[in-house]
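Just to be clear, the model below is a prediction. Sequence and coordinates:
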Amino acid sequence: MSDVILAIDTSCDDTSAAVVRGGSQILSNVVSGQTLVHERFGGIVPELASRRHLEIIEGVVDEAMKTADMSFSSVSAVAVCRGPGLIGSLIVGTAFAKALAYIHKLPLIGVNHLEGHICSAFLKEGGPPELPFISLVVSGGHTSLYRVDNRGSYRELGRSRDDAAGEAYDKVAKMLALGFPGGPVIDRLAKTGNPRAVPFPRAYMPQTLDFSFSGLKTSVRNFIAQSTNNVPVQDICASFQAAVIDVLIKKIEWAAAQEGITTVALSGGVAANDGLRQQITRLNGIKAYCPPKPLCTDNAAMIGAAAYGQFLKGEFEDLSLNPKAYLPVG
Ligand code: KG4
Ligand code: ZN
């Protein structure tokens, strides 16, 4: 039996399709972003996102199949992100995937977007990180820590109680009029700034592996509003980024110690952050895996990687598959 999966992700503002063999070999991974559609609003406008998915999804899937040099007769299953995410966006992807599965008589697999991010580690060249590992999913919608015992076997250790780290990046960038998405531009400016210029708060909350970033966001807002001393924007960016990274690193260390695990994999858009990538790889006693940046931000290859576990177990959906905006892992 062939083990080639066509995977689709339309959970937020990226339309993506990928062809993945054996849950680990990427034959194609096409991502069409919507930054141009949303940047003038300073954030994602859900209705515009779903309409854009509708316009381009056929072309994106077509390109993924052509790049992989694949015909539907060689595909074993269609996988699609079923949530969490923007419901209008999810409906476009799931409806399209159902149509493909129906026409080509293929099994349909519904994949949790967060499990997709976790499974980006299984796309690692040369084989996945040593199991079990700690996974930090840090994106625009989520900041969560998991213990990963295998594909399909995850236990949540902690999560953000308010804003996701990426959301804090985007909001701080908006306050500083730096454009959208905020993460990459703050990351770039932070490289030339002083991380000790402003002592922004770190919500370590040592009794838990949960996170909180809303206090930091408010602190940056107050600092900008009250600031009379022309602190350069690079210094504000570097100080904000240092506060985020300090907390992420500390929680990773605590999670690893609590579980007695020494391997850590990052995923999600904020895992593309150069400052975070540098610091995690320097941690003593921790083997860290940071996926290539295009596999950190939203992409369908990670959905294909996660779907493989369900494919092997025969966990298929019928055509009543209904996406969910809120969908916990497991
Ligand atoms: O995983 P992702 O593409 O979509 C979600 O599932 O949310 O993550 C998008 C988030 C945005 O908040 C964006 O600002 C952030 O990832 N991001 C970054 C960087 N690149 C993207 N944050 C910090 N540094 C970066 N280099
Ligand atoms: Zn994501």
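Happy to help now that I have it. Bear in mind the structure is a predicted one, so any value in this text is a computation, not a measurement. Residues are numbered from 1 along each chain as shown. Ligands and ions are numbered 1, 2, ... in the order given.

so what's the residue nearest the centre of the chain closest to, chain neighbours aside?
Nearest residue to the geometric centre of the chain (Cα atoms, centre = their mean): Gly268, 2.7 Å. Spatial nearest neighbour of Gly268, chain neighbours left out: Ser139 (3.3 Å); criterion: Cβ to Cβ, 6 or more residues apart in numbering. Every residue, glycine included, has its C-beta placed from N, CA and C.

where does the stretch 201-330 of the chain have low pLDDT?
Judged by pLDDT under 70, the stretch 201-330 of the chain has its weakly predicted residues at 229.

and the residue in the stretch 201-330 of the chain positioned nearest to ligand 2, how many neighbours?
Proximity of the stretch 201-330 of the chain to ligand 2 (Cβ to the ion) peaks at Asp298, 4.4 Å away. Asp298: 28 surrounding residues under other Cβ atoms under 10 Å.

could you say which helix or strand contains it?
Assessed by DSSP states H and E, Asp298 sits outside every helix and strand.

Check the secondary structure at Glu315 for me.
Following DSSP: H, G, I helix; E, B strand; the rest coil, Glu315 is assigned to coil.

What residues of stretch 4-23 count as buried?
4-21, 23 (16 or more other Cβ atoms under 10 Å).

Next one: it, is it in contact with ligand 2?
No - contact between stretch 4-23 and ligand 2 is absent, the nearest approach being 6.3 Å (criterion: Cβ under 5 Å from the ion).

and the end-to-end length of that stretch?
Start and end residues of stretch 4-23 are separated by 8 Å (Cα to Cα, to the nearest Å).

picking up where we left off before, and the gap between the residue nearest to the residue of the stretch 201-330 of the chain closest to ligand 2 when sequence neighbours are not counted and Ser32?
Spatial nearest neighbour of Asp298, chain neighbours left out: Asp14 (4.4 Å); criterion: Cβ to Cβ, 6+ apart. In this view, Asp14 and Ser32 are 7 Å apart by Cβ to Cβ, to the nearest Å.
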